[in-house]
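>>> Provided below are the primary sequence and the corresponding predicted coordinates.
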Amino acid sequence: MSESSLAPWEQQPGESARAFGAFCAYRGLGPRRSLRAAAAAFYGQPSAAGKRQVDKWSGKFRWVERAGAWDRHLDAEACRAQEETRREMAERHVKEARALQVKALERLRALRPEELGPADLLRYIVEAAKLERLAVGEPDAVQRQELTGRGGGPLRFSLEDVVAAAHALEEAERDAAQRSGGAAVPEGNPEVP
């Protein structure tokens with residue numbers, strides 16, 4: 001195998017079997033690896049001589065760089081496997097959902113309307129509306145918006161507030177009509193007390 005076709009984590013030209021074995025011990029320690037831990041793992045016990053030899057091999061054969069390439073390779077492999085698993089799951093779920101739809105529709109077609117109570121009918125209508133909304137890309141429920149007062153509390157107003165607001169609106173409409181040269185809005189709204 002040529003030097004250019006070797007992966008960085010494979011045995012490199014000029015790297016002895018012992019040096020490569022020590023590299024494998026280092027590589028196998030994972031992202032928190034250290035040369036001290038690699039020497040202990042390779043030699044079976046921590047020793048100064050073992051640590052010096054590992055330091056020498058590490059520098060000569062670029063262990064840090066090669067182990068980093070190994071980590072990136074493993075991460076890429078894990079991402080590919082996860083994506084494949086996710087794709088297979090999605091395909092399986094689609095097949096299962098379609099099979100369930102077929103069974104549910106068979107059961108629905110077999111039902112006689114007189115077998116359904118009011119609660120059942122309502123539930124079917126609500127669920128069918130949710131499915132329809134999702135099928136056309138809408139949320140499965142209409143979002144309810146609430147008006148709030150200051151500080152996010154409830155909005156409070158009285159009948160007097162409503163009447164005053166109606167009068168203010170009526171006055172603003174009259175002023176706008178007069179400014180634009182249109183017909184004046186008659187004073188007083190018969191619907192507002």
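On my side now, so go ahead. Numbering: from 1, shown residues only.
>>> what is the neighbour count of residue 80?
Burial of residue 80, expressed as a neighbour count using other C-beta atoms under 10 Å, amounts to 10. Any C-beta I mention is one placed from the backbone N, CA and C, and that applies to glycine too.
>>> wasn't it part of a helix?
Yes. When the secondary structure is assigned by DSSP: H, G, I helix; E, B strand; the rest coil, residue 80 falls within a helix.
>>> is it true that residue 26 touches residue 51?
No. The pair residue 26 and residue 51 fails to qualify as a contact (C-beta atoms under 8 Å) at a distance of 11.9 Å.
>>> tell me which of the two has more neighbours.
The residue with more neighbours, out of residue 26 and residue 51, is residue 26; 24 against 16, by other C-beta under 10 Å.
>>> what about the helices in this structure?
With DSSP state H applied, the chain shows helices at 17-27, 35-43, 48-60, 63-110, 118-135, 159-179, listed in chain order.
>>> what's the spacing between the fourth one and its chain's center?
When you say that, I think you mean helix 63-110. Averaging C-alpha coordinates over helix 63-110 and over its chain gives two centres that are 15 Å apart (C-alpha atoms, centre = their mean, to the nearest Å).
>>> mean confidence for it?
Model confidence over helix 63-110 averages 93 on the pLDDT scale.
>>> and the angle for it with helix 17-27?
For helix 63-110 against helix 17-27, the angle between stretch directions is 50 degrees (axes from the mean of the first three to the mean of the last three C-alpha atoms, to 10 degrees).
>>> show me what helix 63-110 is packed against.
For helix 63-110, the elements it packs on are helix 17-27, judged by 3 or more C-beta pairs under 8 Å, 6 or more residues apart in numbering; DSSP states H and E.
>>> and the helix it packs on, C-alpha only, in CSV?
Output for helix 17-27, consisting of C-alpha atoms alone and laid out as CSV, is shown next (Å, rounded to 0.1, in the frame of the first residue of the first chain):
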residue,chain,number,x,y,z
ALA,A,17,5.2,-3.0,15.1
ARG,A,18,6.0,-2.0,18.7
ALA,A,19,5.7,1.7,18.0
PHE,A,20,2.5,1.1,16.1
GLY,A,21,1.2,-1.0,19.0
ALA,A,22,2.0,1.8,21.4
PHE,A,23,0.2,4.3,19.1
CYS,A,24,-2.8,2.0,19.1
ALA,A,25,-2.8,2.0,22.9
TYR,A,26,-2.7,5.8,22.7
ARG,A,27,-5.3,6.1,20.0
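>>> got the contact list for it?
9, 11-12, 15, 33, 35, 38-39, 41-42, 53-54, 57-58, 60-61, 63, 66-67, 70 (C-beta atoms under 8 Å, 6 or more residues apart in numbering).
>>> quick revisit: what sits in contact with each of residue 26 and residue 51?
Common contacts of residue 26 and residue 51, defined by C-beta under 8 Å, 6+ apart, comprise residue 35.
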